[in-house]
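K.L.:
Fold the stuff below for me.
(one chain, ligands or ions: 1)
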Amino acid sequence: MEFHAAASGTTSAAPAATLNRSGEVAHPLLKVSNLRKEYVTGRGRLVLFDGLSFTVSEGEMLAIVGESGAGKSTLLHILGALDGATSGDVYCATTHLNTLTTNQAASFRNREVGYVWQFHYLLPEFTAEENVAMPLLARGEARSTAFVKARKWLTEVELADRGDHRAGELSGGEQQRVSLARALVTEPKLLLADEPTGDLDGRTAEVVFKLVEKLHSEHRLTSVLVTHNLNLARRCSRVLRLTKGHMEELAPASV
Ligand SMILES: Nc1ncnc2c1ncn2[C@@H]1O[C@H](COP(=O)(O)OP(=O)(O)OP(=O)(O)O)[C@@H](O)[C@H]1O
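P.N.:
I've put the predicted structure just below:
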């Protein structure tokens, strides 16, 4: 168990190391300070959250829970440089996400973050292998090495024998495992997952979540998962609940 001091509200410092309960140095990978997100809508300002401050240490598996509409997906998008905050700061290691240009944000997403969504967003006409190789090809990696890595990651998600199958011909659980391989083929530090098992039946969800747990620990990932599934949330090392615009830390066992 680790201590997680909330960020002090400073807006200029990259994450500093802290001590966990065993006296080991815990290096924060993500540091969120005083974050606010609002939308200006036809009916006025919609403030999703304000004053959010928290850190996520390297190696943690964090679940973000909360009511529908609380802003969990929006927060995940901000952590992954897919969306910007209205104010406040987000650091991923020494990268200050607020200051990235569009191109820098795209490069950050390609190199540092793996995304898994509720819907897999695979290209159905392409094979599993081609789908997994796509992020590497997008950043200019040679086809031969991209496909070697894609096959390695399909093996990691236990789909080595399905590489030449079209994504559209795979089952929902298999598609989600391919999307997990695609998320990790670039060997990111950070895995962001938004309801990764939300579209799957209970048994298939368990298979996919076990794979997430296995890959998280074997590849020393830092993972942030948005979920409504409290059974999955309590298996994470930390749980934060987004409620009425603020964050509460919950003991996983009490979720
Ligand atoms: N571009 C936008 N403009 C205005 N409002 C938006 C926009 N995007 C999202 N919202 C609103 O922000 C709120 C939070 O959305 P978000 O998807 O982050 O919630 P959530 O907690 O992930 O919900 P769920 O659990 O249902 O997926 C919702 O009320 C949504 O309608």
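K.L.:
any idea how far residue 123 is from residue 73?
P.N.:
22 Å (Cβ to Cβ, to the nearest Å). All C-beta spots, glycine's among them, are computed from the backbone N, C-alpha and C.
K.L.:
more neighbours, these two?
P.N.:
Using other Cβ atoms under 10 Å as the criterion, residue 73 and residue 123 rank with residue 73 on top: 17 against 13.
K.L.:
which element is that one on?
P.N.:
helix 72-79 (DSSP states H and E).
K.L.:
Tell me the buried residues in that helix?
P.N.:
72-79 (16 or more other Cβ atoms under 10 Å).
K.L.:
again with stretch 106-125
P.N.:
Within stretch 106-125, the residues scored as buried using 16+ other Cβ under 10 Å are 108-109, 112-118, 120, 122.
K.L.:
about what we covered before: residues contacting the helix holding residue 73, please?
P.N.:
When contacts are defined by Cβ atoms under 8 Å, 6 or more residues apart in numbering, helix 72-79 is touched by residues 30, 32, 35, 37, 48-49, 52, 64-66, 83-85, 90, 92, 97, 190, 192, 194, 224, 226, 242.
K.L.:
If you drop the residues flanking it in sequence, what lies closest to residue 248?
P.N.:
Closest residue to residue 248 apart from its sequence neighbours, by Cβ to Cβ, 6 or more residues apart in numbering: residue 241 at 4.7 Å.
K.L.:
Just list whatever residues bridge to that neighbour.
P.N.:
Counting by DSSP bridges, residue 241 forms beta bridges with residue 65, residue 248.
K.L.:
how about it, what does it touch?
P.N.:
64-66, 247-248, 250.
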